[in-house]
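Engineer: Let me see the structure of the following:
(one chain, ligands or ions: 2)
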Amino acid sequence: MSSMTVNERPVKFDLPPDTPLLWALRDAANLTGTKYGCGVGDCGACTVIVDGEALRSCLITIAEAEGRYVTTIEGLSRDRSHPVQQAMVAQQAIQCGFCTPGIVMAAAALIQRNAAPSKDEIEAAVPNLCRCGVYPRLVAAIQQAGRVAQRKERISAAPAPGISAKDAARSVPAMAAPKTP
Ligand code: FES
Ligand code: FES
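Structural biologist: Ligands and ions are numbered 1, 2, ... in the order given. This is a model prediction of the structure:
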């Protein structure tokens, strides 16, 4: 049994101690925002924040996470209002979105300790892989997130979760079903 705090709640995982934290989060806690990309520490899709540090959850076991304070993308904000989430949307730094939760967590940990990171500092702290290639927009987004976190800039809040399919189709016409003649 491994005990830790996940998104501010005490959690006990009745799983073998060598279970990767990624699988405990996804399969036992149903926190599927944390993604499985490579499983060997290369892609960063599984990044979560553990005691303030961005870590790849495929590389740490639940035994190693014992007693620690884990935050996943679901716990970062309740309404997608974290500065990194707002800036990622504002800078259109999201395409398919698969890499996004891991990038957001790595960026959130970065601006927590350095709200004005340089391009080089961003590339070092957020080396996550993105198969869609959002990298140039990512630098702009993380720098903007830092300014928002410092209250030097404001971005209107990202859309609330749970937007209806009808409303989504209205704002993104390509999502609407084609009209039948
Ligand atoms: S799934 Fe963990 S680094 Fe790729
Ligand atoms: S937005 Fe598609 S993998 Fe990054």
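
Engineer: Need the nearest residue in space to residue 112, chain neighbours excluded.
Structural biologist: residue 52 (6.7 Å; Cβ to Cβ, 6 or more residues apart in numbering). Where you see a C-beta, it was placed from the backbone N, CA and C, and this is true even at glycine.

Engineer: what's the burial count for that neighbour?
Structural biologist: Residues near residue 52, counting by other Cβ atoms under 10 Å, number 10.

Engineer: and what of residue 109?
Structural biologist: 22.

Engineer: Return the residues of the chain in contact with ligand 1.
Structural biologist: Residues of the chain lying near ligand 1 by Cβ under 6 Å from any ligand atom: 36, 37, 38, 39, 41, 42, 43, 44, 45, 46, 56, 58.

Engineer: So which of these wins on neighbours?
Structural biologist: Among the residues of the chain next to ligand 1, residue 46 has the most neighbours (other Cβ under 10 Å), with 29 neighbours.

Engineer: gap between that one and residue 1?
Structural biologist: Residue 46 sits 23 Å away from residue 1, going by Cβ to Cβ, to the nearest Å.

Engineer: cool, residue 115 as well?
Structural biologist: Between residue 115 and residue 1 the computed distance is 38 Å (Cβ to Cβ).

Engineer: How is the protein partitioned into domains?
Structural biologist: Using automatic domain parsing, the domain ranges for the chain come out as 2-76, 83-149.
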